[in-house]
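S.K.: Sequence first, predicted model second:
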Amino acid sequence: MKTTIADWGLIQYGEAWKRQSERFDEVIRAKTHGETYENGIVFCEHPHVYTLGRSGKEKNMLLSDEQLKAIDATLYHIDRGGDITYHGPGQLVCYPILNLDEFRMGLKEYVHFLEEAVINVCASYGIEAGRLDKATGVWIDAETSRARKICAIGVRSSHYVTMHGLALNVNTDLRYFSYINPCGFIDKGVTSLRQELKNEVSMDEVKQRLAGELRKRFPG
């Protein structure tokens, strides 16, 4: 059950969505026909973009089309769960395209594992992170009035094959979150590793640490 990890670097959201959708369809097709395929995990960053999930509400995007253009951002309606979120430079996006049956893992356990991987990465920087009841993702000070999200998670699954994934704020420009109600919340904040540590963080180092956590269940 070898799982490859690829780094697509800075890539337009539309191109990344097309490429991961093609791989997602390939894995499902191969799985249903008993053919060989490859499980894969993709790391990348995106230029400024907002994505709205299937259950998302348009009102959580606070800008008009003209205002989006003014901040050099785009909006995509996509096929993952969850509401609206932001992707941009300085944010580590991770797209696992995996057949969970191979790993004897259900979807709920999978999402829990992704959260745990990010919690452990945060801990490696001395940051205590955790979960917030009824709110997927990873949070700082989750059970307080200062709750702030450091990582958003939204996945799509079909035939127990996954796509989409997680977005961890590393050196993200957090101002872009002020133009939306992140994940539909109006009373909670967002943060990043840089914001918490008060200094720039090596993206390559974060990739290595997250890859190490993911390898615990998805070996290469």
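M.R.: Noted; the coordinates are in hand.
S.K.: so Trp8 is in which element?
M.R.: Assigning secondary structure by DSSP states H and E places Trp8 in strand 3-10.
S.K.: which element follows that strand toward the C-terminus?
M.R.: helix 13-33.
S.K.: which residues touch that next one?
M.R.: Outside of helix 13-33, the residues that reach it under the criterion C-beta atoms under 8 Å, 6 or more residues apart in numbering are 8, 35-40, 42, 44, 46-47, 49, 51, 74, 76, 78, 87, 93, 95, 97-99, 101, 156, 158-159, 161-164. Glycine gets a C-beta too; all of them are placed from N, C-alpha and C.
S.K.: just the strands in the chain please.
M.R.: If DSSP state E is used as the criterion, the strands of the chain fall at 3-10, 39-45, 49-52, 74-77, 84-87, 91-97, 129-132, 135-140, 148-158, 161-169, 189-190.
S.K.: what helices or strands is the third one leaning on?
M.R.: Looking back up the chat, that one is strand 49-52. For strand 49-52, the helices and strands in contact under the criterion 3 or more C-beta pairs under 8 Å, 6 or more residues apart in numbering; DSSP states H and E are strand 74-77, strand 84-87.
S.K.: And the first one, how far out from the chain middle?
M.R.: Counting by C-alpha atoms, centre = their mean, to the nearest Å, strand 74-77 is centred 16 Å from the centre of its parent chain.
S.K.: Other residues contacting it?
M.R.: When contacts are taken as C-beta under 8 Å, 6+ apart, the neighbours of strand 74-77 outside the stretch itself are 13-14, 17, 48-52, 56, 61, 65, 68.
S.K.: And it, what's buried?
M.R.: Of the residues in strand 74-77, those buried under the neighbour-count criterion (16 or more other C-beta atoms under 10 Å) are 74-75.
S.K.: Direction included, what does that strand pair against?
M.R.: Strand 74-77 sits in its sheet next to strand 49-52 (parallel), going by DSSP bridges.
S.K.: C-alpha coordinates for the partner strand, PDB please?
M.R.: Written as PDB, here are the backbone C-alpha positions of strand 49-52 (Å, rounded to 0.1, in the frame of the first residue of the first chain):
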ATOM      1  CA  VAL A  49      -9.000  32.100  -4.000                       C
ATOM      2  CA  TYR A  50     -12.200  31.400  -2.000                       C
ATOM      3  CA  THR A  51     -14.000  28.000  -2.300                       C
ATOM      4  CA  LEU A  52     -17.600  27.400  -1.300                       C
END
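S.K.: out of the contacts of strand 74-77, which are buried?
M.R.: Of all these considered here, the ones buried according to neighbour count by 16+ other C-beta under 10 Å are 13, 17, 48-52, 56, 61, 68.
S.K.: Next, format these as CSV and append distance to Thr3.
M.R.: As requested, the buried ones among the contacts of strand 74-77 are exported to CSV (distance: C-beta to C-beta, whole Å):
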residue, distance to Thr3
Tyr13, 23
Trp17, 21
His48, 30
Val49, 26
Tyr50, 29
Thr51, 24
Leu52, 29
Gly56, 30
Met61, 34
Leu68, 36
